[in-house]
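Peer 1: Requesting a structural model of the entry that follows:
(chains A and B)
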Amino acid sequence: QQQVRQSPQSLTVWEGGTTVLTCSYEDSTFNYFPWYQQFPGEGPALLISILSVSDKKEDGRFTTFFNKREKKLSLHIIDSQPGDSATYFCAASSITGNTGKLIFGLGTTLQVQP
Amino acid sequence: NSKVIQTPRYLVKGQGQKAKMRCIPEKGHPVVFWYQQNKNNEFKFLINFQNQEVLQQIDMTEKRFSAECPSNSPCSLEIQSSEAGDSALYLCASSGQYEQYFGPGTRLTVL
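Peer 2: Next comes the predicted model:
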């Protein structure tokens, strides 16, 4: 049973458009949610993260939203660029009284068309 | 940009052979994680360390996997007898507080 679910599996957007990726989770003890960007042949790079005490975090063109009641989060990329084409993973962990291991979703492959 | 170093980047082994990979965490990060990412993008947590001590590990009942993180030396993950199903990207991450920063990974191919 997948504890962290991502959708869509793949997505194509036009350059300059807004990309929206979504994620849901099961375990109510999860309180830390990072998003990673991975290019082929590389390791995942931490893009942005949010703690469950917040509902929104922005970093440049990237914003993540968190809804604790619905156990959902999303990643918004504004002014999407061809260089954003990559696979994006959401993850979750419990950072309090735990070892902090991350549970990952299966990823969304994003293609930004020029 | 992550400063986690992993070597080698690629590793090719025959079935039954040993496979060993290494990781140098970011300076000042006391916690090190190992994950396996398969071709279906499934991540599997393997083990983590804090200052050389094991915090948590998966059930390695097969005992084929072993790992260590000695002081003043790179951390390592070793598969004693490789199987085809072990072919994957092995990722090392280090953490200062709760954010985890990954290295580029070691791509293991078992023929």
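Peer 1: C-alpha only now, for contacts and for neighbours.
Peer 2: Fine.
Peer 1: and residue 107, how many neighbours?
Peer 2: No chain was given, so I picked chain A. Other residues lying near A:Gly107 total 28 when counted by other C-alpha atoms under 10 Å in any protein chain shown.
Peer 1: My question was about chain B, not that one.
Peer 2: B:Arg107: 23 surrounding residues under other C-alpha under 10 Å.
Peer 1: cool, and the one 3 residues further on?
Peer 2: Counted by other C-alpha under 10 Å, the residues lying close to B:Val110 total 19.
Peer 1: Need phi/psi at it.
Peer 2: phi -110, psi 120 (degrees, to the nearest 10).
Peer 1: and what of A:Gly105?
Peer 2: phi -80, psi 180.
Peer 1: my guess is it meets A:Phe89, correct?
Peer 2: Yes: contact criterion C-alpha atoms under 8 Å: A:Gly105 and A:Phe89 qualify, at 6.0 Å.
Peer 1: Spit out the residues that contact the two alike.
Peer 2: Each of A:Gln6 lies in contact with both A:Gly105 and A:Phe89 under the rule C-alpha atoms under 8 Å, 6 or more residues apart in numbering or on different chains.
Peer 1: The two - which one has more neighbours?
Peer 2: Ranked by neighbour count (other C-alpha under 10 Å), A:Gly105 and A:Phe89 place A:Phe89 first, with 27 against 24.
Peer 1: how many neighbours does the residue of chain A found nearest chain B have?
Peer 2: In chain A, no residue comes nearer to chain B than A:Gly43, which is 4.1 Å away by C-alpha to the nearest C-alpha. Counted with other C-alpha under 10 Å, the neighbours of A:Gly43 add up to 23.
Peer 1: That one against B:Gly105, yeah?
Peer 2: Yes: taking C-alpha under 8 Å as the definition, A:Gly43 is a contact partner of B:Gly105 at 5.7 Å.
Peer 1: shared neighbours of those two, anything?
Peer 2: B:Leu91.
Peer 1: Spell out, range by range, the strands that occur in the chain.
Peer 2: Reading this off chain A. A:4-7, A:10-14, A:19-25, A:32-38, A:45-51, A:56-59, A:62-67, A:72-77, A:86-92, A:103-104, A:108-113 (DSSP state E).
Peer 1: actually chain B
Peer 2: Under DSSP E, chain B gives strands at B:5-7, B:10-13, B:19-24, B:31-37, B:43-50, B:53-57, B:65-68, B:75-79, B:88-95, B:100-102, B:106-110.
Peer 1: And for the residue of chain A closest to chain B, nearest residue in space, chain neighbours not counted?
Peer 2: B:Pro104 (4.1 Å; C-alpha to C-alpha, 6 or more residues apart in numbering or on different chains).
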